[in-house]
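Q: just a sequence and a predicted model for now, questions to come.
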Amino acid sequence: MLSNADIPTVVKVNRLPALRGSIYDAKGRLLASDSLIYEAWLDLGYLKETASEREISEVLSSLSENFDIPPEKLSSLLDSSERFFLVEKSPTLKELSRKFNQRTRKFISIEISTERHYFGEFGLDKIIGKLDSGKSPINGIEKKYDHVLKGKKDGYILRTFYGSEKFSPVNGNDVFLSIDIDVQKLVYQELKEAVRKNKADGGLVILMEAKTGRIIAYAQTYQWDRGLLGIFEPGSTVKPIIYGLALSTESITEESTFLCEGKIQPVEGLDIIIRDTEGEKHGIETFKDAIRNSCNVATVQVAQRLLDNLGKYEIYNKLLEAGFGRPTGIDLPGETKGILPKPNKWSLISPYQFAIGQGIAVNAFQLIRALNVYPSGGYLLVPSFVKALGEEHEIVKIEPKIEKSLFPPYIVEMIRPVLESVVASGTGIRAQVEGIKVAGKTGTAQRATSEGYSSTEFNSLFWGYFPADDPKYSLLVLIENPKAGEYYGGTVAGPVFSSIVKKLYFPDNEKNKIVPIYPWKMPNLLGYTLHDVMEISRLFGISKVEVHGTGKVVSQIPAPGEKFIDPPYKMEVWLSVRESE
């Protein structure tokens, strides 16, 4: 705080803006960062008030020549009400200053500002988000974690007759995502090719860690965030949840059987018939057969037993518990809650439609997290993009969130082999991956129109997990309205699943090789404790850390920002009880 005696000695105060924190991918690669930038502003008010017409002409002519600004644009400023005009921005003061001469310099004010840089390729822009022209966050991680990222306090340089004093800004903190941009690129390219090949309206893919809910890749082909803000009917992908609810509430048993004659009238006297694909007759089926065949007729009978046993209000509560009709809690803003009508809004046909994935609507994260209860061991997880936050010189890990146990272990163990059979010998055969056992469920959802369900437009879905014996990843594929001929989930979305898994698990095959986006870069560890260094090394995949001394990091090899060439990644750090040596 300045005293009255100090005030007359102050010549100028230069603001030093606080930098916004950076956003990194899972391997420490920059996705968003701030840099300082110098802005040259022409003081039009001062120019018009103090300069002669000749001097004004000379100043404008010099600016036009040195900064390639059309003369007519500069001349028009004299008639405007604007007080200041931005002449140019530059990352260095020296580069900017050399373009001004003695005549122009006195009318120019140099301000220090910040500029945001993004790596938003391969659909990452929807995740990262962006800032508006006023540097306020609009969407994505930028908006959700604005309280973490934004600069805390600007600094300034105080210039007096006796010298100058610098007060450093307090910058924003960093955010570390679970997204791996190499995997994101792979997934995005596979999706783009599938959409092109199938002449589809669009598509999306989510790859999630099955035991944590962390999102490794999230790609889509839309201009807007279709997966988070949009909704779609899940079709037959919802059936594993319906059968899980029926078994866990003892509405059916493992020995229950169902007769499929190709079609069924759920409500007597109501002229609505639900059919199986191509009117196929499956005959007598167990619940395992019904899931493997994706049988609508059997599933309608399961819905009837649920209705008889629980009633519509309890069915509604069970679907709500499974995550339908409410946000997942994912760490991105704007999530839609989907559509799950309240029981007093149900028609007679509603419970039967819901069971085959009609009449309800989900966002993509609701669907993958509901189905993920099987590879997760029965747990309903909260999907997330952020795995850690930087606070001061400390990395704070964000633990995975388990909302609840949806199904007991015995239900999970009962249904998982069935989901394996869907891929081994059922509707998901084309999702198979040679050399690795996978499991999943197909879905072919008729698209709703103002006149009812379309007979020519479909959404093709496949959800699965892998490896089936020890699940690590959950993967959802949606291809919207394919028009190249095929439209079943198993034949359109299934192969996309297969191709992605193959390239993730067998990257040594030259054809499947994942080419890194850019080499891994060493993070800045200066000022961190040994505990933090070990956490960062684990977070970034650094396999060997050599430590010298105690205290906080004062030196490191590789240097901050230096590129690693080949794994395994190693680093060496020197610590001291003093801040620097």
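A: In hand now; what should we look at?

Q: name the residue closest to the centre of the chain, please.
A: Ile127 (3.9 Å; CA atoms, centre = their mean).

Q: per-domain residue ranges of this structure.
A: Following automatic domain parsing, one finds the domains of the chain at 7-176, 181-512, 530-576.

Q: does the residue nearest to the centre of the chain touch Tyr218 like I think?
A: Yes - in terms of CB atoms under 8 Å, Ile127 counts as a neighbour of Tyr218; the distance is 6.0 Å. C-beta coordinates here come from the backbone N, C-alpha and C atoms, glycine included.

Q: rewinding a little: using JSON lines, lay out the domains of the chain together with mean pLDDT and distance to Asn524.
A: Listed next are the domains of the chain as JSON lines, based on pLDDT from 0 to 100; distance: least, CB to CB, whole Å:
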{"stretch": "domain 7-176", "mean pLDDT": "88", "distance to Asn524": "10"}
{"stretch": "domain 181-512", "mean pLDDT": "95", "distance to Asn524": "10"}
{"stretch": "domain 530-576", "mean pLDDT": "75", "distance to Asn524": "4"}
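
Q: those: which one's closest to Pro523?
A: domain 7-176 (5.1 Å; CB to CB).

Q: related to what we said a few turns ago, shared neighbours, Ile127 and Tyr218?
A: Shared contacts of Ile127 and Tyr218, defined by CB atoms under 8 Å, 6 or more residues apart in numbering, are found at 179, 385.

Q: which of the domains of the chain is buried the deepest?
A: domain 181-512 (a mean of 20; mean count of other CB atoms under 10 Å).

Q: give the contact list for Glu261.
A: Glu261 is in contact with 281, 297, counting by CB under 8 Å, 6+ apart.

Q: distance of it relative to Glu255?
A: Remark: distance between Glu261 and Glu255 (CB to CB, to the nearest Å) = 21 Å.

Q: Phe119 now?
A: 55 Å.

Q: check which helices and strands the helix or strand harbouring Asp182 sits against.
A: Secondary structure from DSSP states H and E places Asp182 in helix 181-197. Judged by 3 or more CB pairs under 8 Å, 6 or more residues apart in numbering; DSSP states H and E, helix 181-197 is in contact with strand 202-209, strand 215-220, strand 473-480, helix 489-505.

Q: now it, how far from the chain's geometric center?
A: How far helix 181-197 lies from its chain's middle: 15 Å, per CA atoms, centre = their mean, to the nearest Å.

Q: got the angle for that helix vs strand 202-209?
A: If you take axes from the mean of the first three to the mean of the last three CA atoms, to 10 degrees, helix 181-197 sits at 150 degrees to strand 202-209.

Q: by how many degrees do helix 181-197 and helix 489-505 diverge?
A: Using the same axes, to 10 degrees: helix 181-197 against helix 489-505 is 150 degrees.

Q: got the angle between helix 181-197 and strand 473-480?
A: Using the same axes, to 10 degrees: helix 181-197 against strand 473-480 is 30 degrees.

Q: re earlier: now render the domains of the chain as a markdown table, adding distance to Pro523.
A: Output for the domains of the chain, formatted as a markdown table (distance: least, CB to CB, whole Å):
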| stretch | distance to Pro523 |
| --- | --- |
| domain 7-176 | 5 |
| domain 181-512 | 10 |
| domain 530-576 | 6 |
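
Q: quick revisit: please convert the helices and strands packed on helix 181-197 to CSV, extending it with distance to Tyr374.
A: Listed next are the helices and strands packed on helix 181-197 as CSV, based on distance: least, CB to CB, whole Å:
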stretch, distance to Tyr374
strand 202-209, 13
strand 215-220, 18
strand 473-480, 9
helix 489-505, 15
